[in-house]
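# Here's my sequence, what's the structure:
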Amino acid sequence: MYENQPIPASRRSDVDPFRAMDVMAAANRMIAAGEDVISLAVGQPSAPVPSVVAEAVGAFLAKGRVGYTDALGRASLRHRIARHYGEAYGVEVSPERVMVTTGSSAGFNLAFLTAFDAGDRVAISTPGYPAYRNILKALGIVPVEIPVGPEDDYILTAAALERAHWDAPLKGVLIASPANPTGTVTPLDELRRLIEFADAEGIVFVSDEIYHGLAFGRETASALQFSERAIVVNSFSKYYCMTGWRIGWLVLPPHLVRPSERVGQSLYISAPELSQVGAEAVFGATDELEAVKLGYERSRRLLMEALPQLGFGDIAPIDGAFYAYARIPEAFEDATALAKHILETAHVAATPGLDFDLQRGHRTMRLSYAGDPDEIAEAVRRLRAVPGLGS
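Model prediction:
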């Protein structure tokens with residue numbers, strides 16, 4: 001009866017596409033066809049992995065065996081991550097609270113699965129990283145999107161969180177600082193107010209800190225400086241230039257460590273051992289990583305100057321990460337059409353804002369400056385030649 005009928009997709013799989021990946025795929029098809037395309041679409045460092053990582057991994061591979069680790073991760077890496085919090089933030093973190101994950105993506109899955117039940121309401125800001133919304137929806141959790149914009153420097157404030165909570169009670173809130181797509185850093189006093197309100201109301205505070213290390217002139221703080229109840233998600237992908245290694249970590253409240261371990265055992269077994277070896281080594285690559293960051297600063301200054309000249313407006317404060325987020329020039333009505341136009345005419349890939357804001361994103365665009373600074377400069381030169389940009 002059913003043998004010739006397609007299997008219907010589940011309701012939980014009905015999430016929006018990640019348009020940045022679609023743009024990257026289109027750019028890659030053009031590159032494969034021999035076209036010279038510069039991508040500003042995806043937040044992926046173009047710098048090679050630091051040399052100490054390659055050396056450590058090579059030595060480990062020479063031993064001839066790569067296997068499973070504990071679900072929580074290699075003990076030596078967990079200790080090194082815990083030590084990092086003392087060095088970077090002056091916070092003492094027990095290695096027992098650290099869980100190594102298959103990238104921050106697995107970290108969000110584990111955090112959401114162990115802290116929330118289906119039907120719980122979790123606040124996120126919009127524009128924001130689309131995977132937050134999509135993962136929450138796929139798990140049956142309700143994302144509560146709180147709009148932010150130029151009027152509040154694209155920062156979710158404690159006052160806005162309080163209003164949303166009184167409107168309908170929240171079980172959790174997720175704050176990213178520096179943020180994707182805006183690059184904004186939540187000021188320390190505001191971050192403190194957010195966490196204090198969440199703790200007072202029993203709201204689970206999830207802190208996305210994967211762009212820490214990539215702030216320009218603004219101090220970043222870890223949520224762990226203000227509360228032991230916070231769940232911290234971090235990654236070796238961005239500052240540490242290890243995107244394809246798929247390695248990240250969680251710092252969990254003590255009561256969530258064992259539940260996260262149990263769920264992780266079944267979902268992932270463990271993060272890749274080889275990547276864990278590289279991740280431990282990368283803490284010794286500060287000089288190389290800071291040199292890469294200098295390149296981001298160069299590209300950031302270029303975009304801060306060029307975007308207004310090209311007609312972009314309401315530019316989010318480019319405090320950190322490696323993104324510029326702005327309203328598209330008035331000559332264009334739709335960001336998706338503009339992204340297609342500049343890819344075809346200028347061979348520059350950028351991400352339309354609908355990825356990050358389903359209501360207002362048709363008028364905004366994100367440009368990543370994670371690539372080589374010379375390529376970013378060439379991309380700006382090409383954009384200047386596009387009719388309607390800056391005219």
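
# quick one: S10 and K171, what's the gap?
Relative to K171, S10 is positioned 23 Å away (CB to CB, to the nearest Å). Every residue, glycine included, has its C-beta placed from N, CA and C.

# Looking at those two, which is more packed in?
A side-by-side neighbour count of S10 and K171, using other CB atoms under 10 Å, places K171 first with 19 against 8.

# ok, the more buried one touching F116?
Yes - look at K171 against F116 with CB atoms under 8 Å: they come within range, at 5.8 Å.

# Report the set of residues contacting both of those two.
Counting by CB atoms under 8 Å, 6 or more residues apart in numbering, the residues touching both K171 and F116 are V122, V204.

# tell me the SS of R301?
helix (DSSP: H, G, I helix; E, B strand; the rest coil).

# confidence score at it?
pLDDT, the model's per-residue confidence, is 95 for R301.

# same check, this time on L252
L252 carries a pLDDT score of 98 in this model.

# repeat for M1
Looking at M1, its pLDDT is 65.

# What mean pLDDT does stretch 256-265 get?
If you average the per-residue pLDDT over stretch 256-265, you get 98.

# could you dump it to PDB, C-alpha only?
Taking C-alpha atoms only, stretch 256-265 is exported to PDB below (Å, rounded to 0.1, in the frame of the first residue of the first chain):
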ATOM      1  CA  LEU A 256      24.100  19.300  34.100                       C
ATOM      2  CA  VAL A 257      27.400  17.600  33.600                       C
ATOM      3  CA  ARG A 258      26.200  14.000  34.000                       C
ATOM      4  CA  PRO A 259      23.000  14.600  32.000                       C
ATOM      5  CA  SER A 260      25.100  16.100  29.200                       C
ATOM      6  CA  GLU A 261      27.500  13.200  29.400                       C
ATOM      7  CA  ARG A 262      24.600  10.700  29.100                       C
ATOM      8  CA  VAL A 263      23.100  12.300  26.100                       C
ATOM      9  CA  GLY A 264      26.400  12.900  24.500                       C
ATOM     10  CA  GLN A 265      27.300   9.200  24.800                       C
END
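
# in this protein, which segments are predicted with low confidence?
1, 391 (pLDDT under 70).

# The closest residue to V292 other than its chain neighbours: what's it in contact with?
Spatial nearest neighbour of V292, chain neighbours left out: A47 (4.5 Å); criterion: CB to CB, 6 or more residues apart in numbering. Going by CB under 8 Å, 6+ apart, A47 touches C241, V292, G295.

# May I see the residues you listed arranged in a markdown table, with distance to G264, secondary structure and neighbour count as well?
As requested, the contacts of A47 are arranged in a markdown table below (distance: CB to CB, whole Å; DSSP: H, G, I helix; E, B strand; the rest coil; neighbours: other CB atoms under 10 Å):
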| residue | distance to G264 | secondary structure | neighbour count |
| --- | --- | --- | --- |
| C241 | 25 | coil | 23 |
| V292 | 31 | helix | 19 |
| G295 | 35 | helix | 20 |
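
# which residue ranges form the helices in the stretch 201-350 of the chain?
Listed in chain order, the helices of the stretch 201-350 of the chain (DSSP state H, counting those that start in this stretch) span 254-267, 273-282, 286-309, 335-346.

# Reformat these as CSV; add distance to F112.
CSV is the format used below for those (distance: least, CB to CB, whole Å):
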stretch, distance to F112
helix 254-267, 10
helix 273-282, 22
helix 286-309, 29
helix 335-346, 29
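
# Please identify the deepest-packed of those.
Neighbour counts averaged per stretch over those are highest for helix 273-282, at a mean of 23; criterion: mean count of other CB atoms under 10 Å.

# Can you tell me which helices and strands that helix packs against?
Identification of packing neighbours for helix 273-282 by 3 or more CB pairs under 8 Å, 6 or more residues apart in numbering; DSSP states H and E yields helix 51-62, helix 75-89.

# neighbouring contacts of the first one?
It refers to helix 51-62. If you take CB under 8 Å, 6+ apart as the criterion, helix 51-62 is touched by V66, M242, L274, V277, G278, E280, A281, V282, G284, A285, E288.

# May I see those residues organised as JSON lines, with distance to R229 added?
Output for the contacts of helix 51-62, formatted as JSON lines (distance: CB to CB, whole Å):
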{"residue": "V66", "distance to R229": "36"}
{"residue": "M242", "distance to R229": "29"}
{"residue": "L274", "distance to R229": "34"}
{"residue": "V277", "distance to R229": "32"}
{"residue": "G278", "distance to R229": "31"}
{"residue": "E280", "distance to R229": "28"}
{"residue": "A281", "distance to R229": "32"}
{"residue": "V282", "distance to R229": "29"}
{"residue": "G284", "distance to R229": "32"}
{"residue": "A285", "distance to R229": "32"}
{"residue": "E288", "distance to R229": "35"}
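
# Please identify which pair of the residues you listed lies farthest apart.
Spatially, the most separated pair among these is V66 and E288, at 24.5 Å (CB to CB).

# Please identify the helix or strand for F197.
With elements delineated by DSSP states H and E, F197 resides in helix 188-201, which encompasses its position.

# Show me which residues of that helix are buried.
Buried positions in helix 188-201, judged by neighbour count with 16 or more other CB atoms under 10 Å: E190, L191, R192, R193, L194, I195, F197, A198, D199.
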